[in-house]
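# Everything below, folded, please.
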Amino acid sequence: MDGPRLAAVVVSLAAGLAVAAPDAGADGLGVIDAAEGCAEFWRRVPGSSPEQQARAFEELLRAPHPTLYTAKVLGLAEPLSASVPERLKKAARLRPDPARVDEVRRTLEADLRDAAVQFRKTFPGFVSRRPVALVCSLGAFDGGTREVEGVERLLFGPDVIAAIHPRGFNLQPFLEHELFHVHHANLHPDAPQTVAAALWEEGLATYVSAALNPGATQDEISVPDVLVAEATPRIPELSRKLLAHLDDRSGGPAYRQFFFGSTEPVEVPSRSGYLIGWRIAEALGKTRSLAQLAALTPAESRVEVEGTLRRMAQGLDGARGARPESTESSSPSRPTSGAR
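Here you go, the predicted structure:
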């Protein structure tokens with residue numbers, strides 16, 4: 001998503017999943033570039049008709065990589081000929097500069113190499129058993145795990161990265177956040193898909209990315225200043241809301257409220273689950289190492305999440321936590337489906 005002395009990550013580029021079917025294994029991080037047509041796709045979008053947009057999607061993206069450009073991976077409905085143009089209309093604010101898309105796509109190899117090398121210094125057992133894929137996500141995600149042919153894979157969307165992160169933005173915390181999800185899933189493959197589990201998984205990934213990058217801004221660790229300012233004073237209230245829904249399934253109303261980039265109803269700040277989960281991990285990290293936190297079983301983390309939330313609901317633990325002032329930043333909001 002090996003050894004502690006590994007000096008580099010072998011990145012293998014392939015044209016499709018059939019080429020990269022074997023696992024990347026312990027000696028490297030395999031990468032499939034399925035976004036080679038992404039910049040050209042976005043060049044054709046402006047001023048084109050829905051039919052032309054659907055045709056460009058088929059020609060440039062889906063035809064070369066049919067298993068990656070599915071409704072399930074992209075969070076769309078069938079038929080794609082209708083849902084792709086509709087997505088493009090709704091995600092107009094995330095429309096990227098095609099030149100920037102190509103730039104991001106071409107530099108992700110080196111960015112991933114650097115992130116994986118650093119990540120293994122703290123988590124030497126990290127293995128990405130399946131190749132990572134670069135996918136033109138059409139506004140769906142900048143990075144995250146998605147089910148591809150019945151298997152969870154780590155995907156990155158260079159078009160969304162290009163749209164929300166300017167040149168010079170430090171991608172390493174974001175990449176390590178996603179690598180941690182792969183590592184954590186390897187440690188706990190049977191973790192439940194619940195709100196409590198999402199709080200722990202996303203919060204711990206955020207905490208790890210911050211710990212591995214002490215100079216990173218809040219935006220670079222996925223908790224922007226605007227979210228911190230809006231949600232921190234309300235942590236006791238939000239914690240009480242979460243306590244009533246900890247065992248709700250991922251994807252349900254409570255999950256969408258706290259982890260998606262937009263919420264219905266809007267009384268819950270967008271993506272506030274990331275901030276609250278971060279505060280939970282931060283509180284538990286006072287007495288545990290990163291490796292010890294990652295090793296907590298789902299049952300153990302469920303107990304700790306509830307206990308910490310109860311204290312936060314009373315204004316204790318991480319309810320008033322704040323990142324040092326050196327972490328200020330601002331950048332566009334992340335896409336609505338950015339939750340893992």
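# Okay, now the unreliable bits of the stretch 101-250 of the chain?
Residues of the stretch 101-250 of the chain meeting the criterion pLDDT under 70: none.
# that's a strand at Thr145, yeah?
Yes - the assignment for Thr145 by DSSP: H, G, I helix; E, B strand; the rest coil puts it in a strand.
# if I pick it, what's in contact with it?
Thr145 is in contact with Met1, Glu152, Arg153, Leu154, Leu155, Glu178, His181, Val182, Ala185, Arg340, counting by CB atoms under 8 Å, 6 or more residues apart in numbering. From N, CA and C alone the C-beta is placed, and that goes for glycine too.
# Can you give me the distance of it to Asp97?
Separation of Thr145 from Asp97 (CB to CB, to the nearest Å) stands at 27 Å.
# What's the mean pLDDT across the helix or strand hosting Ala283?
Following DSSP states H and E, one finds Ala283 within helix 272-284. Taken as a whole, helix 272-284 has a mean pLDDT of 97.
# which helices and strands sit right next to it?
helix 195-212, helix 225-231, helix 235-243, helix 253-259, helix 298-313 (3 or more CB pairs under 8 Å, 6 or more residues apart in numbering; DSSP states H and E).
# repeat that with 10 Å
Packing contacts for helix 272-284, counted by 3 or more CB pairs under 10 Å, 6 or more residues apart in numbering; DSSP states H and E, involve helix 195-212, helix 225-231, helix 235-243, helix 253-259, helix 290-295, helix 298-313.
# quick one: the third one to helix 272-284, angle?
With axes from the mean of the first three to the mean of the last three CA atoms, to 10 degrees as the criterion, the two stretches helix 235-243 and helix 272-284 enclose an angle of 100 degrees.
# Same check on the first one?
Using the same axes, to 10 degrees, one finds that helix 195-212 and helix 272-284 are set 70 degrees apart in direction.
# Can you list the buried residues in stretch 228-238?
Residues Val228, Ala231, Thr232, Arg234, Ile235, Pro236, Leu238 are the ones in stretch 228-238 that count as buried (16 or more other CB atoms under 10 Å).
# out of everything not next to it in sequence, what's closest to the first one?
Going back to what we said before, that points to Val228. Counting by CB to CB, 6 or more residues apart in numbering, the nearest residue to Val228 once its immediate chain neighbours are dropped is Gln218, at 5.9 Å.
# cool, the fourth one as well?
Residue nearest to Arg234 in three dimensions, not counting chain neighbours: Pro269, with 7.3 Å by CB to CB, 6+ apart.
# Val305 and Glu202, how far apart?
Val305 is 11 Å from Glu202, by CB to CB.
# got any residues that touch both of the two?
Both Val305 and Glu202 are contacted by Ile276, Gly277, Ala281, under the criterion CB atoms under 10 Å, 6 or more residues apart in numbering.
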